[in-house]
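Engineer: sequence first, then the predicted structure, then my questions.
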There are 2 protein chains.
Amino acid sequence: MFTLPQKESKAPTTCPGPASTQDLDSNHGDGLERECSRKPDWKLPEFCGVGDPTATASSDSSHLSSRGSIIKWFWDSAEEGYRTYHMDEYDEDKNPSGIINMGTSENKLCFDLLSRRLSQSDMLRVEPSLLQYPDWRGHLFLREEVARFLSFYCKSPAPLKPENVVVLNGCASLFSALATVLCEVGEAFLIPAPYYGAITQHVYLYGGVRLVCVYLDSEVTRLDTRPFQLTVEKLEMALQRANFEGVKVKGLILINPQNPLGDIYSPGELRDYLEFAKRHKLHVMVDEVYMLSVFEKSAGYHSVLSLEGLPDPQRTHVMWATSKDFGMSGLRFGTLYTENRDVATAVASLCRYHGLSGLVQYQMAQLLRDRDWINQVYLPENHARLKAAHTYVAGELRALGIPFLGRGAGFFIWVDLRKYLPEATFKEEMLLWRRFLDNKVLLSCGKAFQCKEPGWFRLVFSDKAHRLCLGMQRVRQVLEGKSQVPDDPASCQSQESGNQRSGGETPPAVL
Amino acid sequence: MFTLPQKESKAPTTCPGPASTQDLDSNHGDGLERECSRKPDWKLPEFCGVGDPTATASSDSSHLSSRGSIIKWFWDSAEEGYRTYHMDEYDEDKNPSGIINMGTSENKLCFDLLSRRLSQSDMLRVEPSLLQYPDWRGHLFLREEVARFLSFYCKSPAPLKPENVVVLNGCASLFSALATVLCEVGEAFLIPAPYYGAITQHVYLYGGVRLVCVYLDSEVTRLDTRPFQLTVEKLEMALQRANFEGVKVKGLILINPQNPLGDIYSPGELRDYLEFAKRHKLHVMVDEVYMLSVFEKSAGYHSVLSLEGLPDPQRTHVMWATSKDFGMSGLRFGTLYTENRDVATAVASLCRYHGLSGLVQYQMAQLLRDRDWINQVYLPENHARLKAAHTYVAGELRALGIPFLGRGAGFFIWVDLRKYLPEATFKEEMLLWRRFLDNKVLLSCGKAFQCKEPGWFRLVFSDKAHRLCLGMQRVRQVLEGKSQVPDDPASCQSQESGNQRSGGETPPAVL
């Protein structure tokens, strides 16, 4: 039933590159910010498979299986960055010279709104049915609410159905479950890179499934109208190369809005990618966890569920969660929508290992059905705050003459720091990342996203003005070669109210 | 890294038997009550591996991988029993002739106490740190509380350490994670049978790990002083046979108090089993989810964590959860305690897929630290109610002349209905199970627990007196050949208060 993974000799050049460029699991966070923290002398062969830490890892402990050692290795590899950051976290009062986190993609702008809503008395309901074994697909009342919610916010042409919904404890689990039920061990999904690197582990740790990168370029050419543009030609080429190199590709992962690019696919583009997948009988997993975090109306976001007549509905699987759009990554709520009953059932069968509390299921249903609060309070305020924070950081970057991407969606700006690398290598990228960390600001480097061009960084702006301001001061100090210059917290303090809701226009995306 | 599973030709006779005797995942519940519901004409070869539904299952859907089809098969196979029960659940007001569930091991006696405690205002705390990405091992405040809780209730000789605790969403997930990090695909754990059958899937669905049964007998012999007694000789024999047949055994699973026997291991027995494991370098997973559900003080329960000087602490891993002892299987909270840091780290690395909400982590810490409520209110009342319910059912069984086991721990009685089978076959056992279901009472049959003797049933008594009384009436009707005789709800109604807290003595365990 299980097949052996592909041998290294057959590994495609498009496969996840050297293990040292793999994204790391975080011990505490979304796992991207610490990619560069591994020791530079960690040596692994080029173009090895994901499993190649085995030799090194298995010597760690005779008590673990070889896969157990690899699983542990993913955790341990993050240790250095983890320790550095978590032993010295910034706190306005207790540790003002601590590290500012602009690496983890969390929305810290709306805890006040969320705390108020989640603390209301309607949120604490304890009844026997919530304390008993659940339907592992999720309680029906919640799946009904999710179907209504997605129908409305995804603008589906027809009402979505509760029986196509499976609820579980986050999209990490959903990637793990989908990889396992769609692929044999050693098979692969295509994914446009740069991409949210934690997916590497999500499909690999339990499922043994690999990712084949569709590498995108920053350069705008005759064919590409924007940087890092995904085209069907690039998908075709990556698939062909994987086939040629003996890697069986079973699906395509799309993230829309994209992480880390902040890119949004037009309905036409989406349809082209889906038609490509249909031609090759590939499943498409569409990760839409940022769909309500589009703070620029002009960005024109369209959910895949809004399309009339999906090309291959039986192979189209949509993922959403509250982690990003409701700024609560610690709540662990995610959902699958698929018309394929076999896939829904197989994922549900694994949901015993991904279940969430009945009490939380009740809370989520209450939250999702409160359209007045979502539409009148939460979304307008959240979008305004995201926009203000984005405007501030974009302005700072422009003042520094730094090119960047950011299209008005998500929590991050994709920043081009290539001119600050003495050489275009990932070693230099890591050294720059380290200089930021030494100057007490944590960013995520491009390597963590499998970006093929060294020098790109993801900068998360969805934080309070005071921290953003300090963080940007520290970024500026590093780039101007003035690290260790004391911060000027007073200047940040005074800007607090102004920056938080400047209401200024978001600048057009520039490179 | 992954190895192919053992071929069928090499499968040991001690391996999980025909797939048709495998325990089923439940779609809604603990998955045991519907084992017998599969169609009797479901044919699979004898002594096949767990993976053998492939051929049949993979034809289900060309969209799933072969393992995906097997995963789905586990769900689908439960469909018939599932539909029958869930379409006709008993409800005192709305469906008084519906099916009474004496199959699922849940404690329904204390929802009043739990609802009151969990509804108190200290349970709803929403703060930013709970809404952000957690430490995947569990929040430190919770791991500290778990360590204190287990130190106290397990009577550990020295305080247990928070760094040895990993918190996740239930013991099903913990079995899955431990199997994966301790074994290669196709390797196995020893488990004394009859056992809680859902473990078969927990170690197999993600981990591809199999169980090797250590079959126990009801007969009391010169060597065995009680029915279904586990001895080191039986462990040695099962291990030898597995080795002979080419199955690599990596560990031993002990459930204490045992499910479905209600058996309790003495400290001496425990130590013998642990010494056996140490001799063979086997990990031991000790599942203690019923440790606070010992309602007979004289039963003399001892947690493995109470032992002075564990024989092999680096290979001893203890599991506990709130599902049983706090009667909330829908809350999804479980925990691992192990001194092996490598194992703890590897499991933690998988906890991204088994995480529970920060809000629930806070609730659990509040609950576990409230010793006054636990010691003065919950445990005394829970034990008294369990004892009363047990006394009632035991009395009914005795009146019927039915032998049974039940040692004052857990929620169930292991009932010997062999004399009601015209032939000692699992087919007859299934027909009897079906007659119970047709007469609107759901039990779990021995086959679901890999019992090698047909005719044993697990009967769950941890329910309200009214339902218990009706359930026992229906059981009696079937056994006396008087099915379809109308219930006498009036007689049950009148007994309600008396039965619930009769305070009578629990009868000694009899066979």
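Structural biologist: Yes, it's here. Numbers count the residues shown, from 1 in each chain, chains lettered A, B, ... in the order given.
Engineer: okay, now the unreliable bits of the stretch 51-200 of chain A?
Structural biologist: Within the stretch 51-200 of chain A, the stretches with pLDDT under 70 are A:51-61, A:79-83.
Engineer: check contacts around the residue of the stretch 151-300 of chain A found nearest chain B.
Structural biologist: Nearest residue of the stretch 151-300 of chain A to chain B (C-beta to the nearest C-beta) works out as A:V181 at 3.3 Å. In this view, the C-beta of every residue, glycine as well, is placed from N, C-alpha and C. Neighbouring residues of A:V181 by C-beta atoms under 8 Å, 6 or more residues apart in numbering or on different chains: A:343, A:346-347, A:350, B:64-65, B:67-68, B:71-72.
Engineer: and A:V126, how far from chain B?
Structural biologist: 4 Å (C-beta to the nearest C-beta, to the nearest Å).
Engineer: and that residue, helix, strand or coil?
Structural biologist: Secondary structure assignment for A:V126 (DSSP: H, G, I helix; E, B strand; the rest coil): coil.
Engineer: that one: neighbour count?
Structural biologist: By the measure other C-beta atoms under 10 Å in any protein chain shown, the count of residues near A:V126 is 21.
Engineer: could you do A:Q120 as well?
Structural biologist: 13.
Engineer: of the contacts of A:V181 - the most surrounded one?
Structural biologist: A:A346 leads the contacts of A:V181 on contacts (other C-beta under 10 Å) with 32 neighbours.
Engineer: I figured that one hits B:D76, correct?
Structural biologist: No - using C-beta atoms under 8 Å, A:A346 makes no contact with B:D76, being 9.6 Å away.
Engineer: so what does the residue of the stretch 151-300 of chain A closest to chain B look like in phi/psi?
Structural biologist: phi -90, psi -10 (degrees, to the nearest 10).
Engineer: work out for me the element the nearest residue to it once chain neighbours are set aside sits within.
Structural biologist: Excluding its sequence neighbours, the residue lying closest to A:V181 (C-beta to C-beta, 6 or more residues apart in numbering or on different chains) is B:G68, at 3.3 Å. In this assignment (DSSP states H and E), B:G68 forms part of helix B:66-77.
Engineer: return the list of helices and strands in contact with that helix.
Structural biologist: helix A:171-182, helix A:341-350, helix B:54-57 (3 or more C-beta pairs under 8 Å, 6 or more residues apart in numbering or on different chains; DSSP states H and E).
Engineer: ok, and does stretch A:376-396 reach over to chain B?
Structural biologist: No - counting by C-beta under 8 Å from any C-beta of the partner chain, chain B has no neighbours in stretch A:376-396; the shortest distance is 13.6 Å.
Engineer: what do you get for stretch A:267-279?
Structural biologist: No - applying C-beta under 8 Å from any C-beta, one finds stretch A:267-279 separated from chain B by no less than 12.8 Å.
Engineer: who's in contact with A:L239?
Structural biologist: A:190, A:212, A:249, A:280.
Engineer: just flag the most distant two among these.
Structural biologist: A:V212 and A:H280 (12.5 Å; C-beta to C-beta).
Engineer: give the residues shared as contacts by the two.
Structural biologist: With C-beta under 8 Å, 6+ apart, A:V212 and A:H280 have common neighbours A:239, A:249.
Engineer: buried deepest among the helices and strands packed on helix B:66-77, which one?
Structural biologist: Among the helices and strands packed on helix B:66-77, ranked by average contacts under mean count of other C-beta atoms under 10 Å in any protein chain shown, first place goes to helix A:171-182 (a mean of 28).
Engineer: name the next helix or strand downstream of that one, please.
Structural biologist: Sequence order places strand A:188-193 as the next helix or strand after helix A:171-182, per DSSP H and E.
Engineer: packing partners of that following strand?
Structural biologist: So strand A:188-193, by 3+ C-beta pairs under 8 Å, 6+ apart, packs with strand A:210-215, helix A:232-244, strand A:249-255.
Engineer: TSV for these, including distance to B:A465 and mean pLDDT?
Structural biologist: Listed next are these as TSV, based on distance: least, C-beta to C-beta, whole Å; pLDDT from 0 to 100:
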stretch	distance to B:A465	mean pLDDT
strand A:210-215	57	98
helix A:232-244	64	97
strand A:249-255	53	98
